[in-house]
Structure formats: structure tokens, C-alpha cells
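Undergrad: sequence first, predicted coordinates after that:
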Amino acid sequence: MAKMTHVSRLLLLLTALLAAYQIVVGIDAFPTLAVVSFTVAFGILLLASLLLIILGYEILASASVLIASTLIPLGVSLGLIALYLPGYSVGYLVFSLLGLLAVFVTRTMTFKRVAVPVFAGVHGVSGLIIFGLPLWMSLSGRAPAGFLIAGLGGGLMGVGGLLLAFLKSGKPILSEKTILTVLPVLLFLMTLAYVIGFKMST
Amino acid sequence: MNSFLTSLRSRLRLYWQMTKSLQTGLLLVTGLAGYMSARCPVLNWTTLLQLTGSLFLAISGSTVVNMWYDRDIDARMKRTCSRPLPRQQIHPREALLLGLSMSVLGLLWAYALSRGYAAVVFAGFFFDVVVYTFWLKRRSAWSIVWGGVSGGMPVLAGRVLGLGSIDWVGVALSLAVLFWIPTHIMTFSMRFFEDYRQAGVPTFPQTYGFRATRLAIAVSSVLASLSMGVAFIGVGMTWGYLRLMAVFSAGLLLLAGYSLKHPSERMNFGLFKYASLFMLGSMLLMIFAAQSL
């Protein structure tokens, strides 16, 4: 696996600091479910950045990466639903828990044939929400225009997730070296977009 | 004149190596965090600088005395055989004199600041040098508990200097460091298992095996996280900082649990590194959070 450059380490450190900032001050005024969901999502982002710095890209080979990479979009999307569509909170919470359980079971037990559709389904729904909901809310005037930037963060998260999924499947659309070079940049820009988007929405 | 300066510089570099700057720095940060957590006027720069100076001298002084005493062990271990004393770059008497001078200066400076503070700093020196290094390190794997007690003294000392007395928050902070020390040291003693065995230093992995050591690491990680959380609540941290602390703790617990279930050299190294980061992060968080209270 490729060796991590100093620039990549710096970007991951900045990602961890931005995620820490978001956990401490960026979500303070939100309802409880949103606070818990965003804390889980940004917490995993923070820990993932630190572990990538400490252990290098080799940790991406671990099976736990897929579970962690599922929790981030699920946490963000659940937080967004709790904030902007509170009526759907309970339903989406149930979907998130079942989705996470399904990804866990199909990845760790012998259900390999359904593992990919389950993973794609859970990521597809959460990806649509984290990208589409901020756009919809901003364009319909139910959230300030600056919240569009959070949608951009969602889009970047989707791209990052796709690259990781291709890398794990062993059939990457880009070379492994390119994906690993782009990943820290994506993580940093995505977190920055969320911090700015949330800041501009309050 | 030039050769004198060059010789002085290389001497100071050797002295610096003997202070274990990273370990001393981390303990110094815990002392500063303990002081600032007392919500005393931190812009009293004179006291803050004096705390830094006295703690630095006391901690690094005791480290140099330890290196003087353990020079025979260091010479037998691959990891430590290039230190100044085993390589005979410094005479043992010079190292002892340096260590004792720094320790005495640090303790006297601490006494000039506050008697209570000096008593805690002295306790740290006593447990580290006399109990841990001179008495138990070569006899029992459990010596690390006493090493942990001494490691918990700087944060308590800082808190005592800020408050003027010992309180339960200071004790909780001290316990957090005490429980964190096994995570830090046991992962280290697994990584350098052969080194310690050859040097004849009893460690947990040698005495109880790797699995029991990993279990002890997991238990001590849980206790360290709990103690730190209790201390954070006692200091009066806002929810935001408590959430971040919970994330840091979750990371430590997950890694300790993962290392127990899927043991590997790489995971052990990751846990060792993350444990250091956990302590540094928690203490920096304490410093930042205390400013916003």
C-alpha cells in the first residue's frame, strides 16, 4: 500500500481538528437526536483521521472500515432529518439502525451474495439525503442559502465513499495510488464544507 | 571560544536526551492542565512560568536519576543501548549530579511557590525514583502501578497550586493518568518484549502472558476514560467538550477492545500511539475548555 505523504498527514490532522470543532461548538444548538447523530458521524471522522495518521493506509484493508464508512453518512443523514424533517425522525432512525445491522451482518457472516446490494442500498439512501436535503432546504428558502455548502460536503462524502468501495472491491476505477492521494483531500474538503455549511445555516 | 561553544552545545544535547523530552513534555502538559482546570487567573503568567519551570526541573531531574540507576539495564536493551550513559558519552557521576541538582532545584522552586504544591511534586519524585525505580522495577511486574502513581502527580500538583488544596477533581485527574499508564507501558512492554526479557526486567507480558496483558490494558483504558470523564464533569465542562471527550474515550476503548479480539503488532503499536494522543488531547482540551468556562 502507498506511503502517506506529509501533505496528506497535514490534511488528515486538519480534518480531525475541524471535526473536533464541529463536535464541540458546531452542533450545540440542535435537538438531542441531531446532536447524538452528528457526534457519532463527526466522531468517527475524527477517529478515522487520527488512525490513518497513526497506522497509515493499511487500516483501510480492515473489514471494520466498511462499518465505519457506513456510520458516517448514516449519522449525518439522520442528523439532517432530525433537523429539517423531524416528522420522519423515528422512521429514519429505525431505517438507520436496521441498515447498519444489515451491513454488519452481511459483511461479517456468510451472506456475501447480498452484501453488495445491502451496502449500496444503505449508502444510496443516506447519500441522497446528505446531498439532496441541504440543496432542497436552501433552494426552497427553508434554510439559509449558505447551507448549500453542506450539500456540497455531502456530495464529496458520496465520492469518497464510492472510491473507498471500489478500492475495497478490488476493482478501482482509478489507480490505488490516485485514490489514496485524493482521499485525505476529499475528507478535508468534505468536513470543511460541513463546518462552513452549518455555520452559515445558524 | 568556538570549540568551547561546540563542546557545550554537544553536552547540552546529551543532557537533553537524558530528560526524555517527549515524556517530560507530556507530563508537563498534564501539570499545566491541572493548574488551568482550577479556573485560577491563568493570565498570571509569572505563576504559570514558575509552575512550568519547577515541574520541568523536577520531572526531568527524576528522569535523569532513573537513567543513571538503570544504565546497566539500558546497556543490555537494543532500544536503549544508544543512550548517553550506556555509550559512555557521559560519566555516571556527572549524570547523577545533574539529575539530583535539577530535582533539588525543582523541589526548592516548588516550595517557594507553595508548600502543598511542593509536597505533591516531592511525592511524584519519591514514588518515581525511590519506589518505582530503586525498589520495585527489577522485582515485580506490578511496579508500573507505582510508576502510575508518580505519573499522576504533576496533574495533581498543578491543581493544588491553582486551588491551594487537594480536591476530588484533582484526585480523579490523577487517577485518570494512573489508569492510563498501564495502557501506555504495557503496549510498550509487548512491543519490546525480547528487550525487557534479555535485560531481566519483569513485565506483565512475561509474567502473565499477552492475553492477560491485553485484558489489563482494556480494563485500565475503561478506568482511565471513566476517571477522565468524571474529572471533566467535576471541572464543569460544557456539553460540547464532554461530547469530544466521549469521542476520544470511545477511540481508546474501541482500540483496546479490537486489540484484544484481533491481536497484532500493528494494532498494539496503534494503541500505544493513540493512548499518548488520548492523554495529550484530553489535557489540551482541559486547557482550552477551562478558558471558556
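TA: Perfect, thanks for sending it.

Undergrad: show me where pLDDT drops low in chain A?
TA: Low-confidence segments of chain A, defined by pLDDT under 70, span residues A:1, A:110-111, A:169, A:171-172, A:202.

Undergrad: at 90 what do you get?
TA: A:1-4, A:25-30, A:57-70, A:103-124, A:141-143, A:145-146, A:157-181, A:199-202 (pLDDT under 90).

Undergrad: where do the helices sit along it?
TA: A:6-21, A:32-55, A:64-84, A:89-108, A:112-139, A:148-169, A:176-201 (DSSP state H).

Undergrad: which one of those helices lies closest to chain B?
TA: helix A:32-55 (3.7 Å; CB to the nearest CB). (C-beta placed from N, C-alpha, C; glycine too.)

Undergrad: near chain B, anything from that closest one?
TA: Yes - on the criterion CB under 8 Å from any CB of the partner chain, helix A:32-55 is in touch with chain B at A:35, A:39, A:43, A:46-47, A:50-51, A:54-55.

Undergrad: quick check: residues of chain A near chain B?
TA: When proximity is defined as CB under 8 Å from any CB, chain A approaches chain B at A:20, A:23-25, A:28, A:35, A:39, A:43, A:46-47, A:50-51, A:54-55, A:58-59, A:64.

Undergrad: now do the contacts for the closest residue to chain A within the stretch 51-200 of chain B.
TA: The minimum distance from the stretch 51-200 of chain B to chain A, using CB to the nearest CB, falls at B:Thr187 (12.4 Å). By CB atoms under 8 Å, 6 or more residues apart in numbering or on different chains, B:Thr187 lies in contact with B:217, B:268-269, B:271-272, B:275.

Undergrad: tell me the pLDDT of it.
TA: Note for B:Thr187: predicted pLDDT of 90.

Undergrad: what helices or strands is whatever helix or strand B:Leu97 lives in leaning on?
TA: Here B:Leu97 sits within helix B:92-113, counting by DSSP states H and E. Here helix B:92-113 touches helix B:2-18, helix B:45-69, helix B:115-125, going by 3 or more CB pairs under 8 Å, 6 or more residues apart in numbering or on different chains; DSSP states H and E.

Undergrad: what's the burial count for the residue nearest to B:Met279 when sequence neighbours are not counted?
TA: Leaving aside its sequence neighbours, B:Met279 sits nearest to B:Trp180 (CB to CB, 6 or more residues apart in numbering or on different chains; 5.6 Å). Number of residues near B:Trp180 (other CB atoms under 10 Å in any protein chain shown) recorded here: 27.

Undergrad: which residues of chain B score low on pLDDT?
TA: Looking at chain B by pLDDT under 90, you get B:1-8, B:38-45, B:182-185, B:188, B:198, B:236, B:259-269, B:272, B:287-293.

Undergrad: now do 80
TA: Where chain B drops to pLDDT under 80, the residues are B:1-2, B:39-44, B:291-293.

Undergrad: these two touch, right, B:Ile233 and B:Trp239?
TA: No - applying CB atoms under 8 Å as the test, B:Ile233 and B:Trp239 come out as separate, 10.5 Å apart.

Undergrad: just to revisit the earlier point, and the residue nearest to the residue of the stretch 51-200 of chain B closest to chain A when sequence neighbours are not counted, what element?
TA: Leaving aside its sequence neighbours, B:Thr187 sits nearest to B:Phe272 (CB to CB, 6+ apart; 3.8 Å). Per DSSP H and E, B:Phe272 falls inside helix B:265-292.

Undergrad: list the helices and strands that helix packs on?
TA: helix A:32-55, helix B:21-37, helix B:168-191, helix B:210-235, helix B:239-261.

Undergrad: indicate which one of these is closest to A:Leu156.
TA: Taking CB to CB, helix A:32-55 is the member of the helices and strands packed on helix B:265-292 nearest to A:Leu156, at 12.2 Å.

Undergrad: what's the neighbour count on the residue lying closest to B:Met228 once chain neighbours are set aside?
TA: Using CB to CB, 6+ apart and skipping the chain neighbours, the partner closest in space to B:Met228 is B:Ala176 (4.1 Å). As a burial measure, B:Ala176 scores 27 neighbours (other CB under 10 Å).

Undergrad: who's in contact with B:Ala176?
TA: B:152, B:155, B:224, B:227-228, B:231, B:282.

Undergrad: most neighbours out of those residues, which is it?
TA: Among the contacts of B:Ala176, the one with the most neighbours (other CB under 10 Å) is B:Val155, at 32 neighbours.

Undergrad: quick check, it in contact with B:Leu32.
TA: No - the pair B:Val155 and B:Leu32 fails to qualify as a contact (CB under 8 Å) at a distance of 9.0 Å.

Undergrad: show me which residues of the stretch 151-293 of chain B sit near chain A.
TA: B:239-241, B:243-244, B:246-247, B:250-251, B:254, B:258, B:266, B:269-270, B:273-274, B:277.

Undergrad: narrow these to just the buried residues.
TA: Using 16 or more other CB atoms under 10 Å in any protein chain shown as the burial test, those include B:240-241, B:243-244, B:246-247, B:250-251, B:254, B:258, B:269-270, B:273-274, B:277 as buried.

Undergrad: which pair in the residues you listed has the greatest spatial separation?
TA: Farthest pair in these, by CB to CB: B:Gly240 and B:Phe269, 31.4 Å.

Undergrad: for B:Ile90, grab phi and psi.
TA: phi -130, psi 140 (degrees, to the nearest 10).

Undergrad: that one is in contact with B:Met18, isn't it?
TA: Yes - the pair B:Ile90 / B:Met18 is scored as a contact, 7.4 Å apart, by CB under 8 Å.

Undergrad: shared neighbours, these two?
TA: B:Pro84.

Undergrad: tell me the contacts of the residue nearest to B:Thr187?
TA: So B:Phe272 contacts B:184, B:187-188, B:191 (CB under 8 Å, 6+ apart).
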